[in-house]
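J.: just to be clear, the model below is a prediction. Sequence and coordinates:
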Amino acid sequence: MAVIVRAGAAPLWWPGLLAAAAGAFVPGLTGRRVGLPAGAALFLVAVAVVALLRTGRYAQLAEGAARAGRNDFLQDRSVTVRNWRRAHRWWLLGAFVAAVASSFLVPGAGGLVLAGSGAGLWAKAVRIGRRERRDDALYWVRTDWVVRGGPAGRQVKAYRTTGPAAGDAAPGGARRRSR
């Protein structure tokens with residue numbers, strides 16, 4: 001489940017930094033002296049909002065989590081990340097273009113908001129990883145419940161759990177290190 005949350009972090013972070021860097025070279029309507037500090041403030045706001053958004057729903061689903069059964073289909077980490085990024089590629093491209101275009105008004109601000117959203121998703125995945133370590137279980141979402149939407153969408157009825165050694169993802173959605 002944390003893999004789905006974490007899947008969007010890098011595709012938002014790196015293009016956001018690239019858009020912010022491009023915006024630093026454009027004088028823009030407000031100028032760099034206003035745009036970049038405003039972007040830094042918006043970065044912090046975006047991190048906080050994205051990291052704290054829907055945390056109650058995640059906790060509610062985690063409390064009602066059931067052990068994964070034989071009939072539950074759980075995907076590998078790489079398949080989940082690839083599917084999420086393919087499903088959202090046009091939204092990510094549109095967000096990048098909007099962030100670069102916003103540099104003509106407020107230099108760097110749009111890119112820093114995009115990067116802040118990626119950092120917020122990463123922080124949310126870290127928090128989920130702490131809960132997984134505390135509960136000594138990995139949380140999963142059945143693949144048929146997360147067709148469109150996120151790991152806490154309306155169609156997700158409950159999480160499934162496995163032991164921490166199951167699968168190819170570490171707690172928090174990171175790649176499991178080979179030993």
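T.: Good, I have the coordinates.
J.: tell me the SS of the closest residue to residue 144 other than its chain neighbours?
T.: Of all residues not flanking residue 144 in the chain, residue 73 sits nearest, at 7.3 Å (CB to CB, 6 or more residues apart in numbering). Bear in mind the C-beta positions are built from the backbone N, C-alpha and C, glycine included. Counting by DSSP: H, G, I helix; E, B strand; the rest coil, the backbone at residue 73 sits in coil.
J.: for residue 73, grab the count of nearby residues.
T.: Using other CB atoms under 10 Å, residue 73 has 10 other residues around it.
J.: does anything pack onto the lengthiest helix in the chain? Which helices or strands?
T.: As assigned by DSSP state H, the longest helix anywhere in the chain is helix 109-135. Here helix 109-135 touches helix 2-7, helix 9-24, helix 32-52, helix 55-63, helix 89-102, strand 138-140, going by 3 or more CB pairs under 8 Å, 6 or more residues apart in numbering; DSSP states H and E.
J.: picking that back up, the residue nearest to residue 144 is in contact with residue 145, isn't it?
T.: No. Counting by CB atoms under 8 Å, residue 73 stays clear of residue 145, with 10.4 Å between them.
J.: residue 72: neighbour count?
T.: Per other CB under 10 Å, the neighbour tally for residue 72 reads 15.
J.: to clarify, my last question referred to residue 48.
T.: 13.
J.: check residue 64 too.
T.: 10.
J.: now do residue 132
T.: There are 22 residues near residue 132, going by other CB under 10 Å.
J.: again, but for the one 10 residues further on
T.: The burial count assigned to residue 142 is 18, neighbours taken as other CB under 10 Å.
J.: and it, backbone torsions?
T.: Phi and psi for residue 142, reported as degrees, to the nearest 10, are phi -60, psi 140.
J.: so what's it scoring on pLDDT?
T.: Per-residue confidence (pLDDT) for residue 142: 82.
J.: follow-up on the earlier one: got the helices and strands packed on helix 109-135 as a markdown table, with distance to residue 81 columns?
T.: A markdown table is the format used below for these (distance: least, CB to CB, whole Å):
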| stretch | distance to residue 81 |
| --- | --- |
| helix 2-7 | 5 |
| helix 9-24 | 9 |
| helix 32-52 | 18 |
| helix 55-63 | 19 |
| helix 89-102 | 12 |
| strand 138-140 | 14 |
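J.: out of those, flag the one nearest residue 77.
T.: helix 2-7 (5.1 Å; CB to CB).
J.: so which elements touch the closest one?
T.: helix 77-87, helix 109-135.
J.: point out the most buried one among those.
T.: Ranked by mean neighbour count, these are led by helix 109-135 with a mean of 22 (mean count of other CB atoms under 10 Å).
J.: any idea of the angle that helix forms with helix 55-63?
T.: 30 degrees (axes from the mean of the first three to the mean of the last three CA atoms, to 10 degrees).
J.: much appreciated, bye for now.
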